[in-house]
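Undergrad: next come a sequence and a model predicted from it.
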Amino acid sequence: MFLEELGKIEEEAGRELREADSQDKLSSWHTRYLGRKGRLTSILKSIGALSLENRKEVGSKANQVKERLSLSFSQRKDELSCGPSLREDVDITLPGRPFTYGSLHPTTKVLREICTIFSGLGFGVVEGPEIEEDYYNFEALNMPEDHPARDMWATLWMENGLLLRTHTSPMQIRIMERASPPIRVIIPGRCYRYEATDATHESMFYQVEGLAVDKGITLAHLKGTLTEFSHLLFGEERKIRFRCDYFPFVEPGMEMSIECLSCQGKGCRTCRGSGWLEILGAGMVHPRVLERVNIDPEVYSGFAFGMGVERIPMLKYRIDDIRHFYADDLRFLAQFR
Ligand code: PHE
């Protein structure tokens, strides 16, 4: 008799649960079937009056029914709590919104390319401070106070006598102070100059410095390294040329130019009619600079170079104004996806 009753309870409870479509109906259902005075509970209570055999059978059946109903109850509860939004408010047939991807800044891309090339040639990558001392930015680079060549770098001075580095060359000194030859490193980083900005000048820009010091380093090593670099970055067919130039911390000093990318050397506005674009300064580390960091110039020699970074993406992607780079305009940046 009890067994029949249990079957009936389970069937009715199941049906009513499916029909319950609000939290109120759900909790009244719970009271009626599973609550302390619910139908199932009252059967479980009266089991004690049965014979031992019946008690076992009815007891286990009643417990199974109770378990199943509890499970159905919590499922139904979950359904109802997220139900309305799924059923009515959200059109799940609409296509999803696409993600908007960011992209690397053109400067970052070129910096990474440059670092990869020089890593392949055996150079380590080191970074240094953007706030510098006069000593590293000028004095140790063979430019004592009042040296006229200091004017080549319009300098942003700070009130405490420090300055914002005008080039990455101070890192030559910092590295040679700490390490002994053989040295082979490049130093990418930000530089600052006190200049009116225009299409080709920004007050903040990037340079990559290079330095190699060892026994028997010659100008041929410098030219070979830079030629290889140009081949890897601009392609082997791109002509390059070296010409004499002056920097107080190298002797001899030179600049490297590449054939103009816009006109292939014919002469245009970008190269101011010359057919060539200067991309870096370089030279053999001045013996006095080596002496200053206690490296014997009779035993060791070295080469150094420094290149402007923005110049390269400007030429590669035909960007006509350096001020686009750090204006944070997404219309500009999104073109480099
Ligand atoms: N530091 C120089 C500049 O900013 C470039 C340079 C680096 C020249 C190393 C020679 C050797 O113009």
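TA: In hand now; what should we look at? Residues are numbered from 1 along each chain as shown.
Undergrad: stretch 254-271 vs the ligand: in contact?
TA: No - contact of stretch 254-271 with the ligand (C-beta under 6 Å from any ligand atom) is absent, the minimum separation being 8.1 Å. Where you see a C-beta, it was placed from the backbone N, CA and C, and this is true even at glycine.
Undergrad: output that stretch as CSV, nothing but the C-alphas.
TA: Taking C-alpha atoms only, stretch 254-271 is exported to CSV below (Å, rounded to 0.1, in the frame of the first residue of the first chain):
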residue,chain,number,x,y,z
MET,A,254,81.6,58.0,-40.3
GLU,A,255,78.0,57.9,-41.3
MET,A,256,76.2,55.2,-43.2
SER,A,257,73.5,56.0,-45.8
ILE,A,258,71.2,53.7,-47.8
GLU,A,259,69.9,54.3,-51.3
CYS,A,260,66.6,56.2,-51.1
LEU,A,261,63.7,53.9,-50.7
SER,A,262,61.2,56.3,-52.4
CYS,A,263,63.1,57.0,-55.6
GLN,A,264,65.7,54.2,-55.7
GLY,A,265,68.5,56.7,-55.8
LYS,A,266,67.2,59.0,-58.5
GLY,A,267,66.7,61.9,-56.2
CYS,A,268,63.3,63.1,-54.7
ARG,A,269,61.8,65.1,-51.9
THR,A,270,62.4,62.4,-49.2
CYS,A,271,66.2,62.4,-49.9
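Undergrad: look at the residue of the stretch 1-150 of the chain found nearest the ligand and say how many residues are nearby.
TA: In the stretch 1-150 of the chain, the residue found nearest to the ligand is residue 141; the distance is 8.2 Å by C-beta to the nearest ligand atom. Using other C-beta atoms under 10 Å, residue 141 is surrounded by 25 other residues.
Undergrad: again with residue 126
TA: Residues near residue 126, counting by other C-beta under 10 Å: 17.
Undergrad: returning to what we had before: look up how far residue 133 lies from the residue of the stretch 1-150 of the chain closest to the ligand.
TA: Separation of residue 141 from residue 133 (C-beta to C-beta, to the nearest Å): 12 Å.
Undergrad: so which bits of the longest helix along the chain are buried?
TA: Ordering each helix of the chain by length in residues (DSSP state H) puts helix 52-84 first. Using 16 or more other C-beta atoms under 10 Å as the burial criterion, the residues of helix 52-84 that qualify are 58, 59, 61, 62, 65, 66, 69, 73, 76.
Undergrad: over to stretch 153-160?
TA: 153, 155.
Undergrad: and the spatially closest residue to residue 219 that is not a sequence neighbour, what element?
TA: Nearest residue to residue 219 in three dimensions, chain neighbours excluded: residue 284, at 6.1 Å (C-beta to C-beta, 6 or more residues apart in numbering). Using DSSP states H and E, residue 284 sits within strand 276-285.
Undergrad: give the other helices and strands that that strand contacts.
TA: Under the contact definition 3 or more C-beta pairs under 8 Å, 6 or more residues apart in numbering; DSSP states H and E, strand 276-285 sits against strand 204-214, helix 219-234, strand 250-259, strand 301-308, helix 311-316.
Undergrad: show residues contacting the fourth one.
TA: Going back to what we said before, that points to strand 301-308. By C-beta atoms under 8 Å, 6 or more residues apart in numbering, the residues outside strand 301-308 that reach it are 114, 167-169, 172, 181, 183, 205-219, 221-222, 225-226, 249-250, 256, 279-285, 290.
Undergrad: then the third one?
TA: Contacts of strand 250-259 from elsewhere in the structure, counted by C-beta under 8 Å, 6+ apart, are 219, 226, 230, 234, 238-247, 265, 275-287, 304-305.
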